[in-house]
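Q: Fold the stuff below for me.
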Amino acid sequence: MEKTIYLDYAATTPVDERVLQAMLPYFSHTFGNPSSIHQYGQKAENAIEAARETVAGVLKCRPDEIIFTSCGSESDNLALRGASLAMRAKKNANWILTSQAEHHAVSRTAGQMAELFGFEVEWLPVDEYGMVLPQTIAQAICHQTAIVSVMLANNEIGTINPISKISEICHEQGVLLHTDAVQAAAYLPVNVDALGVDLLSLGGHKFYGPKGVGALYVRKGTPLVPVQTGGGQEVGLRAGTQNVPYIVGFAEALRLTDLERKARAAQVKPMRDRIIGSVLENIPDAKLTGHPIERLPNHCSFVFKGVDGNFLLTLLDSAGFACSSGSACKTGNPEPSEVMRLMQLPLEWGLGSLRVTLGTASTAVDVEKFLARLPGLVEKARKLQ
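A: This next block holds a predicted model:
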């Protein structure tokens, strides 16, 4: 039986062996609590601060602007919830601007802020490619806006948003801008000054680091209410004993990503283009979702008319290909994902989404094997549905 070909790097990536080797000493040998005063604690604390400097070097910011968290979702939660509450206390700003095309860590947090904390949320529309346009922000923003949150690149369809242009509009109004860069960081620069953001979220497992660790960039002077309180770690913004080996692994993974970003993009982009061209040419009633040009270099996403996306994934898995879908089919109540609905795709199209994402272990041979099987599996899914 042939090995399953992994084509779901947007969901998670394997830990780079170099990252694992950097982490190992901190599980056993250098195991101290970084809050302890003795030498064990000092060594652990030094490892965290070295990691903070590494991350700051990649983001082109100050080390004390980096807050380590448990994941990208926690970073999103801290940014949105913490900044909204702080800005309401500071200047009575009560509006949150974001899109339902955001990751649920942002959109559902915004929904909770409205339901439980009395904030007003304006759900920003997206264009046909799932992009949030700067003029949309300009029309919605006002002096009562607490924060704008727009992702750098969409996890489901790969579209890259014009964050630097959006930041200009936000800062003209004195409004904070947060971007979820969790999906983007593997292939796009995350220079916070070039992007012009006040808060930026990262998650380690998207760029060959471990699961269970993330970071939040918080520009100096940005007001933020801590969501998790306790011992005062992470300059009082995220209490809890720091996960030293994972933080070390996160920093090393980000350092390697920054060092190898161009080479990694050059490896996957031709394969991405091959997949897109072949699917659109050889499969009837297939559409590319997301922007045709302004998209992540490893990201392909499609919809197929008259196909149940989850059923197609099952067929692909049985055939030896691990992919993902944006549809959220529930028993007796199949529904397209929020992103498919926002792009106003009809139900017969929106349910048939497929995401194919490439990574460092992807090969042209893998891609050709996938392309040889996909048309037949789509046809089978249509017939058996």
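
Q: Give me the contact list for stretch 359-372.
A: Residues from elsewhere that reach stretch 359-372 (Cβ atoms under 8 Å, 6 or more residues apart in numbering): 5-7, 9, 13-14, 208, 264, 267-268, 271, 274-275, 278-279, 282, 298, 321, 356, 358. Just so you know, the C-beta spots here come from the backbone N, C-alpha and C atoms, and that holds for glycine as well.

Q: quick one: which of these sit in strands?
A: 5-6, 321, 356 (DSSP state E).

Q: If you rank those by neighbours, which is first?
A: When neighbours are counted by other Cβ atoms under 10 Å, residue 356 leads the ones in strands among the contacts of stretch 359-372 with 28 neighbours.

Q: Surely that one is in contact with residue 275?
A: Yes: using Cβ atoms under 8 Å, residue 356 makes contact with residue 275 at a distance of 5.9 Å.

Q: Quickly list what's touching both of these two.
A: Taking Cβ under 8 Å, 6+ apart as the criterion, residue 356 and residue 275 both touch 300, 370.

Q: ok so, going back, export the ones in strands among the contacts of stretch 359-372 to CSV and append columns for pLDDT.
A: Converted to CSV, the ones in strands among the contacts of stretch 359-372 look like this (pLDDT from 0 to 100):
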residue, pLDDT
5, 97
6, 98
321, 98
356, 98
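
Q: for the residues you listed, which one is nearest residue 292?
A: residue 356 (15.4 Å; Cβ to Cβ).

Q: rewinding a little: filter the contacts of stretch 359-372 down to the buried ones, ChimeraX style.
A: Here is the ChimeraX selection string for the buried members of the contacts of stretch 359-372, based on 16 or more other Cβ atoms under 10 Å:
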select :5,6,7,9,13,208,264,267,268,271,275,278,279,298,321,356,358
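
Q: which regions of the stretch 101-250 of the chain lie under the pLDDT threshold?
A: In the prediction, the stretch 101-250 of the chain carries no residues with pLDDT under 70.

Q: Surely residue 292 is within a helix?
A: No: Residue 292 is assigned coil when assessed by DSSP: H, G, I helix; E, B strand; the rest coil, not a helix.

Q: Tell me how many other residues crowd the residue nearest to it when sequence neighbours are not counted.
A: Excluding the flanking residues, the one nearest residue 292 by Cβ to Cβ, 6 or more residues apart in numbering is residue 129, at 7.6 Å. For residue 129, the neighbour count with other Cβ under 10 Å is 20.

Q: Can you tell me how far residue 129 is from residue 158?
A: 10 Å (Cβ to Cβ, to the nearest Å).

Q: Which residues are in contact with each of those two?
A: Counting by Cβ under 8 Å, 6+ apart, the residues touching both residue 129 and residue 158 are 290-291.

Q: Could you pull out the strands in the stretch 251-385 of the chain for me?
A: Secondary structure of the stretch 251-385 of the chain (DSSP state E, counting those that start in this stretch): strands at 286-288, 299-304, 321-322, 328-330, 333-335, 353-357.

Q: which one of these has the lowest average pLDDT?
A: Of all the strands of the stretch 251-385 of the chain, the minimum mean pLDDT falls on strand 328-330 (a mean of 47).

Q: Wait, residue 233 touches residue 241, no?
A: Yes: shown here, residue 233 and residue 241 form a contact pair, counting by Cβ under 8 Å, at 7.1 Å.

Q: More neighbours: the two, which one.
A: Per other Cβ under 10 Å, whichever of residue 233 and residue 241 has more neighbours is residue 233, with 18 against 13.

Q: residue contacts, that one?
A: Taking Cβ under 8 Å, 6+ apart, one finds 34-35, 239-242 in contact with residue 233.

Q: rerun at 10 Å
A: By Cβ atoms under 10 Å, 6 or more residues apart in numbering, the residues touching residue 233 are 34-35, 48, 67-68, 239-242.

Q: about what we covered before: so can I have TSV of the strands of the stretch 251-385 of the chain showing distance to residue 90?
A: Converted to TSV, the strands of the stretch 251-385 of the chain look like this (distance: least, Cβ to Cβ, whole Å):
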stretch	distance to residue 90
strand 286-288	43
strand 299-304	38
strand 321-322	46
strand 328-330	37
strand 333-335	39
strand 353-357	40
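
Q: any idea how far the nearest residue to residue 222 once chain neighbours are set aside is from residue 111?
A: Excluding its sequence neighbours, the residue lying closest to residue 222 (Cβ to Cβ, 6+ apart) is residue 198, at 4.9 Å. The gap separating residue 198 from residue 111 is 22 Å, by Cβ to Cβ.

Q: These two: who's more crowded?
A: Just comparing residue 198 and residue 111: by other Cβ under 10 Å the higher neighbour count belongs to residue 198, 26 against 17.

Q: Spell out the secondary structure type for the residue nearest to residue 292.
A: Looking at residue 129 with three-state DSSP, the answer is coil.

Q: And it, how close does it get to residue 287?
A: 11 Å.

Q: And for residue 225?
A: To residue 287, residue 225 is 43 Å away according to Cβ to Cβ.
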